[in-house]
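My questions concern the predicted model and sequence given below.
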Amino acid sequence: MRSKNLISIKKLKKYIKKYYILIILNMILAMVSSASSVAPIALLKRLIDQGIIGKNEKDILYAAGGMILLSVVGAFIMYWNTLLSGKVSSSIYKNIIDDLYLKLQSLDIEYFSKTKVGEMMTKVLNDPANVNSLILDLFELIKYVFTAILYLGVALYIDWKLTLGVLIVAPVLMVTVKKYSRKLKSSGKERQEATGILNSKLQETISGIRVIKAFATEGVEIRDFKRKSLNLKKVVLKSVSYNAKSMAVSEALNYIMVAILLLFGGYRIIRGHNFTTGDFLTVVGAIASVYTPVRRSTTIYNTINSNIASIDRVYEILEINPQIINKENCIKFREFNDEIAFNDVEFSYQDNKEKILKGINLRIQKGETVALVGNSGGGKSTIVNLIPRFFDVTGGNITIDGTDLKDFEIKSLRKSIGIVPQETFLFSGTIFSNIKYGRQNATDEEVIQAAKLANAHEFIQKLDDGYDTEIGERGVKLSGGQKQRIAIARAILENPQILILDEATSALDNESEKLVQDALEKLMEGKTTFVIAHRLSTIVNSDKIVVIQQGEIREVGNHETLMDKENGIYRALYSKAGVKS
């Protein structure tokens with residue numbers, strides 16, 4: 001096996017070492033199974049020379065009986081060998097997908113923003129499944145290689161000269177297998193990448209099916225999907241072609257090997273040289289029997305080379321080091337008492353040096369409601385995403401009561417911040433489980449009270465199963481306004497000290513917006529709140545309005561002071577929105 005492949009397989013050491021005893025036991029069973037399958041060929045000489053040709057019934061009985069006994073023992077051992085292989089491989093598979101899920105939970109938001117969902121799904125599900133198959137294949141490969149060696153050992157023991165003469169074609173077979181194994185590994189990686197692209201397309205289609213149908217672009221999407229599926233087909237066919245060529249050469253070489261054996265073996269019998277019929281049939285049987293394990297070993301080796309790229313793809317995720325982590329000796333965030341301060345804050349994404357935020361200086365007092373306004377793409381959402389450390393500043397710092405955000409334990413910080421986003425995300429399950437998502441120990445009474453404050457209790461009661469209603473994936477069975485009120489109830493129950501409302505009513509109709517806005521006002525009572533609003537009429541009572549343009553703060557003040565600026569940006573935005581002051 002090539003050194004690069006061994007390096008890839010060595011990455012699994014962390015998982016393999018947990019099962020060393022089982023793996024060693026399994027390898028012993030594999031070798032015993034191989035020996036029991038090879039042993040009958042060693043009895044062939046006795047059956048022919050002493051039993052049939054020597055006309056000794058006892059030798060026929062011993063040889064035949066021995067073959068039957070070995071077959072039964074071999075079948076029993078093979079059963080346990082296969083069972084143990086499955087136990088080890090499935091355990092390693094579970095450990096890998098558990099670690100992948102754990103790693104995904106620890107990764108920064110930026111990773112998810114630049115990685116396609118379909119590609120992640122392939123790496124988390126398909127690639128570990130390929131690793132699972134690879135481990136099973138490795139166990140099988142060991143067994144077949146050992147079986148082939150034992151058959152060769154029997155043939156060499158009977159007549160080493162004849163056996164070595166027949167094996168002159170073996171180097172050609174090895175060169176062929178090595179040649180195509182490299183190509184199969186490369187095509188295997190291409191296959192997984194093409195599968196990830198196709199998975200991403202499928203996921204995107206399912207998520208955006210309403211938009212597709214609204215714009216009647218089914219034909220465009222179908223053509224794009226077929227293009228991607230055709231690419232996957234081409235990659236698969238390339239892999240099949242390499243495998244077919246390797247197998248065809250192996251098949252031809254096997255028949256050539258048998259023909260050479262028959263040729264030389266036939267001459268040996270005719271010309272004597274103490275070479276018996278039993279010797280001839282034993283060597284022929286052993287060499288012929290080598291073909292099956294060699295052929296299967298070749299097939300398995302090709303499959304391993306095709307799947308080995310999955311190990312590297314799995315480790316592409318496992319080896320990512322998240323940047324947003326707890327510092328040593330970090331402190332728990334307990335209570336917000338005074339002020340949140342942005343001090344010369346700058347921000348840019350890791351793969352883009354362009355500054356999204358530039359020199360942001362801002363002071364927010366406890367209990368204030370701060371509205372962020374400005375054109376789309378100006379940096380409003382980026383500012384609020386820095387507070388719970390979804391992203392970290394690349395310049396300056398943000399402090400709460402004089403302590404840098406990076407000095408707080410992340411979990412305790414985020415537990416103190418409630419977020420109601422524009423696009424509400426609900427989990428599949430019941431309404432009850434979604435409301436108490438942030439506080440798993442909440443009582444039924446607390447959940448119902450939160451729903452009442454969020455103006456959700458009334459519509460929940462009208463549902464057939466009330467709070468036990470299954471809402472479907474992403475809350476598909478609820479309207480936009482209903483989902484938003486469930487999200488608000490979830491935030492009310494968590495009772496955060498700092499609140500972020502990211503265009504929480506932008507996607508609602510007027511009736512739903514009134515209910516949601518009323519629920520939001522109850523949620524905001526006594527809390528420090530950051531509001532990103534698409535309708536300026538909803539923020540006129542904010543303590544502080546911050547105008548953001550091109551990543552910079554252009555204006556700060558309350559509604560009245562900003563409206564008094566004759567050529568002010570906020571005044572222009574407010575007038576453009578057609579809101580009566």
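The structure has been received and is ready for your questions.

May I have the secondary structure class of residue 358?
strand (DSSP: H, G, I helix; E, B strand; the rest coil).

What is the neighbour count of residue 528?
Neighbour count for residue 528, taken as other C-beta atoms under 10 Å: 23. All C-beta spots, glycine's among them, are computed from the backbone N, C-alpha and C.

is it true that it touches residue 367?
Yes - using C-beta atoms under 8 Å, residue 528 is in contact with residue 367, at 5.9 Å.

can you pull out the helices in the stretch 1-150 of the chain?
Listed in chain order, the helices of the stretch 1-150 of the chain (DSSP state H, counting those that start in this stretch) span residues 3-10, 13-16, 20-42, 44-45, 57-106, 109-114, 117-121, 127-158.

so which of these comes closest to residue 341?
Residue 341 sits nearest to helix 109-114 of all those, at 22.7 Å, using C-beta to C-beta.

Other residues contacting that closest one?
Under the criterion C-beta atoms under 8 Å, 6 or more residues apart in numbering, residues 120, 320, 322, 349-351, 385, 390-391 lie in contact with helix 109-114.

Quick check, pLDDT for residue 492.
Here, the pLDDT recorded for residue 492 equals 85.

Please, which helix or strand holds it?
helix 480-494 (DSSP states H and E).

and that helix, how far from the chain's centre?
Distance, stretch centre to chain centre, for helix 480-494: 30 Å (C-alpha atoms, centre = their mean, to the nearest Å).

what packs against that helix?
Contacts defined by 3 or more C-beta pairs under 8 Å, 6 or more residues apart in numbering; DSSP states H and E place helix 480-494 against strand 417-420, helix 431-435, helix 444-453, helix 510-524.

Okay, helices next: where are they in the stretch 201-350 of the chain?
Remark: helices assigned in the stretch 201-350 of the chain by DSSP H, counting those that start in this stretch are 209-214, 218-270, 277-307, 309-318.

Show me the one of those that comes nearest residue 150.
helix 277-307 (8.8 Å).

how close does residue 33 get to residue 90?
Here residue 33 is placed at a distance of 20 Å from residue 90 (C-beta to C-beta, to the nearest Å).

Residue 466: what's its closest spatial neighbour, skipping adjacent residues?
Excluding its sequence neighbours, the residue lying closest to residue 466 (C-beta to C-beta, 6 or more residues apart in numbering) is residue 460, at 5.9 Å.

Go ahead and flag the most central residue of the chain.
By C-alpha atoms, centre = their mean, the chain has its centre lying nearest to residue 124, at 1.6 Å.

How about the contacts made by the closest residue to that one other than its chain neighbours?
Nearest non-adjacent residue to residue 124, counting by C-beta to C-beta, 6+ apart: residue 100, 4.9 Å away. With contact set as C-beta under 8 Å, 6+ apart, residue 100 has these partners: 123-124, 128, 314, 317-318.

Save those residues as a markdown table, and put in pLDDT and distance to residue 105 too.
Shown next, in a markdown table, are the contacts of residue 100 (pLDDT from 0 to 100; distance: C-beta to C-beta, whole Å):
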| residue | pLDDT | distance to residue 105 |
| --- | --- | --- |
| 123 | 82 | 15 |
| 124 | 82 | 12 |
| 128 | 88 | 16 |
| 314 | 88 | 16 |
| 317 | 88 | 12 |
| 318 | 89 | 13 |
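
PyMOL command for the buried members of the residues you listed?
Those of the contacts of residue 100 that count as buried under 16 or more other C-beta atoms under 10 Å are selected in PyMOL with:
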select buried, resi 123+124+128+314+317
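
nearest residue to residue 318 other than its sequence neighbours?
Closest to residue 318 by C-beta to C-beta, 6+ apart is residue 103, at 5.7 Å.

what pLDDT, on average, does stretch 65-77 get?
Confidence for stretch 65-77, expressed as mean pLDDT, is 81.

Show residues contacting it.
The contact list for stretch 65-77 (C-beta under 8 Å, 6+ apart) reads 29, 32-33, 36-37, 39-40, 43.

tell me which of those residues is nearest to residue 427?
Once C-beta to C-beta is applied, the member of the contacts of stretch 65-77 that ends up nearest residue 427 is residue 29, at 44.6 Å.

so the closest one sits right up against residue 84, yeah?
Yes - using C-beta under 8 Å, residue 29 makes contact with residue 84 at a distance of 6.5 Å.

between the helices and strands packed on helix 480-494, which one is nearest to residue 470?
Of the helices and strands packed on helix 480-494, nearest to residue 470 by C-beta to C-beta is helix 431-435, at 8.6 Å.

just checking, what packs against that closest one?
By 3+ C-beta pairs under 8 Å, 6+ apart, helix 431-435 packs against helix 444-453, helix 480-494.

and residue 423, which of those is closest to it?
That would be helix 480-494 among the helices and strands packed on helix 431-435, by C-beta to C-beta, at 9.3 Å.

and the next helix or strand after that closest one, what does it pack onto?
As assigned by DSSP H and E, the chain's next helix or strand after helix 480-494 is strand 498-502. On a contact count with 3+ C-beta pairs under 8 Å, 6+ apart, strand 498-502 meets helix 380-386, strand 417-420, helix 510-524, strand 528-532.

residues contacting the closest residue to residue 43 other than its chain neighbours?
Excluding the flanking residues, the one nearest residue 43 by C-beta to C-beta, 6+ apart is residue 63, at 4.5 Å. Going by C-beta under 8 Å, 6+ apart, residue 63 touches 43-44, 46-47, 51.

What is the nearest of the contacts of stretch 65-77 to residue 132?
Closest to residue 132, out of all of these and judged by C-beta to C-beta, is residue 29, at 19.5 Å.

Could you measure from that closest one over to residue 88?
12 Å.

ok so, going back, got the CA coordinates for the helix holding residue 492 in PDB?
What follows is helix 480-494, C-alpha atoms only, in PDB (Å, rounded to 0.1, in the frame of the first residue of the first chain):
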ATOM      1  CA  GLY A 480     -44.700  33.400   9.600                       C
ATOM      2  CA  GLY A 481     -46.400  35.400  12.300                       C
ATOM      3  CA  GLN A 482     -47.000  32.300  14.400                       C
ATOM      4  CA  LYS A 483     -43.400  31.100  14.100                       C
ATOM      5  CA  GLN A 484     -42.200  34.600  15.100                       C
ATOM      6  CA  ARG A 485     -44.400  34.600  18.200                       C
ATOM      7  CA  ILE A 486     -43.100  31.200  19.200                       C
ATOM      8  CA  ALA A 487     -39.600  32.500  18.800                       C
ATOM      9  CA  ILE A 488     -40.400  35.500  21.000                       C
ATOM     10  CA  ALA A 489     -42.000  33.200  23.600                       C
ATOM     11  CA  ARG A 490     -38.700  31.200  23.500                       C
ATOM     12  CA  ALA A 491     -36.800  34.500  24.200                       C
ATOM     13  CA  ILE A 492     -39.200  35.600  26.900                       C
ATOM     14  CA  LEU A 493     -38.800  32.300  28.700                       C
ATOM     15  CA  GLU A 494     -35.000  32.600  28.600                       C
END
